[in-house]
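S.K.: Below are the sequence and a predicted model for it; my questions follow.
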Amino acid sequence: MSEFSQGSAHEFDSVQSWQLALERNVVRLGNEMGSWGDVLASHVQLRLTTGDDQFQIIPELKKIDDDIEITCNLDSFETWVLTLSEVPGMGRHEIRDLYLSTAAAWVEMTYVAESARIERETGDGTERRSRAMMRSRNLVEKLVSKSDLEANAEELEHVYGIAGATDVVRHDLSPKDIMEINRIRYGLGAAMYALGYTEEQVQHIVQSFRSNLELVLSQYEITLMQLLDSVTHASNYSYLESHQEQLKQFVFPHFLFAGTMPLRYT
């Protein structure tokens, strides 16, 4: 992955444009979720990259001292554009707001966790501490739960005729996979809430994720056979071992699956 070169940027893809959009979305989401949006935005740094090396479909967060660095890959953002560009009213700016608000939701989640830790260590049973601890507990329960994933996989298969997810969810997902999918669900759901999407808009987005997931899962068995063939004939097993997680994520599309069931906020 290479650092983004400002000089060749289209205005939309400029570092300044993304930085301003990130700050705007962090402030808005923080305020909507009950945190101090301006405070959150003051602790966020943007890192804009391009290229396929360490390609991540979702923004990456890295804690640096008291700040959080958010890495956005412009090439991976194009996957969001391809997935959602047919949704009514969703142009590149609207898709970028959803992309960045999803990252902002994780920033706010980090803030909640830190607040709960501080309140636990310094609080005296105050109402604020109780609220922070309760929200942290609810978030943890949502992130580690597998039941919603199983129910959604079964619905995709039996209601929408999209096969290929049920067995994977039941047998193949590790605790890390489950948390990653739920983390994306949480981010998307919080982002849609903060952006004020109507139920109709949410349904259009979910349907777009379903359509793209169906397309990818239709190649699922072929991909598995190709992966098996690679493992069988590979001479460099250490290479396969070191890329095991990347290969697994390529086989099962966490991002698309999570997008078919964003967490709801009322």
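M.R.: Ah, there it is.

S.K.: Okay, and residue 108 sits in which element?
M.R.: helix 92-122 (DSSP states H and E).

S.K.: What residues sit buried inside that helix?
M.R.: Neighbour-count burial for helix 92-122, counted by 16 or more other Cβ atoms under 10 Å, picks out 94-109, 111-112, 115-116, 119. Where you see a C-beta, it was placed from the backbone N, CA and C, and this is true even at glycine.

S.K.: do the same with stretch 258-266
M.R.: 258, 259, 260, 261, 262, 263.

S.K.: cool, stretch 69-78 as well?
M.R.: For stretch 69-78, a neighbour-count test (16+ other Cβ under 10 Å) marks 70, 71, 72, 73, 74, 76, 77 as buried.

S.K.: Quick check: mean pLDDT of that stretch?
M.R.: Averaged across stretch 69-78, the pLDDT comes to 92.

S.K.: Show the end-to-end separation of it, please.
M.R.: In stretch 69-78, first residue to last residue: 21 Å (Cα to Cα, to the nearest Å).

S.K.: same thing with stretch 157-172?
M.R.: 17 Å.

S.K.: can you give me how far that stretch is from the chain middle?
M.R.: Distance of stretch 157-172 from its chain centroid, counting by Cα atoms, centre = their mean, to the nearest Å, is 20 Å.

S.K.: May I see the buried residues of stretch 36-48?
M.R.: For stretch 36-48, by 16+ other Cβ under 10 Å, it's 37, 40, 41, 43, 44, 46, 47, 48.

S.K.: Just send those residues back as JSON lines, with secondary structure and pLDDT too.
M.R.: JSON lines is the format used below for these (DSSP: H, G, I helix; E, B strand; the rest coil; pLDDT from 0 to 100):
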{"residue": "37", "secondary structure": "helix", "pLDDT": "89"}
{"residue": "40", "secondary structure": "helix", "pLDDT": "89"}
{"residue": "41", "secondary structure": "helix", "pLDDT": "91"}
{"residue": "43", "secondary structure": "coil", "pLDDT": "90"}
{"residue": "44", "secondary structure": "strand", "pLDDT": "93"}
{"residue": "46", "secondary structure": "strand", "pLDDT": "93"}
{"residue": "47", "secondary structure": "strand", "pLDDT": "92"}
{"residue": "48", "secondary structure": "strand", "pLDDT": "91"}
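
S.K.: shaky segments in this structure?
M.R.: Where the chain drops to pLDDT under 70, the residues are 1-12, 52-55, 115-132, 220-225, 227-228, 230-251, 266.

S.K.: spatially speaking, which residue is in the middle of it?
M.R.: Compute the mean C-alpha point of the chain, and by Cα atoms, centre = their mean the closest residue is residue 184, 3.3 Å away.

S.K.: tell me the SS of that one?
M.R.: Under DSSP: H, G, I helix; E, B strand; the rest coil, residue 184 falls in the helix class.

S.K.: what ranges do the strands span in the stretch 51-200 of the chain?
M.R.: In the stretch 51-200 of the chain, the segments counted as strands under DSSP state E, counting those that start in this stretch are 60-64, 67-73.

S.K.: can you put those strands in JSON lines and add distance to residue 174?
M.R.: Output for the strands of the stretch 51-200 of the chain, formatted as JSON lines (distance: least, Cβ to Cβ, whole Å):
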{"stretch": "strand 60-64", "distance to residue 174": "20"}
{"stretch": "strand 67-73", "distance to residue 174": "24"}
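
S.K.: Figure out which of those is closest to residue 151.
M.R.: Among the strands of the stretch 51-200 of the chain, the nearest to residue 151 by Cβ to Cβ is strand 60-64 (28.2 Å).
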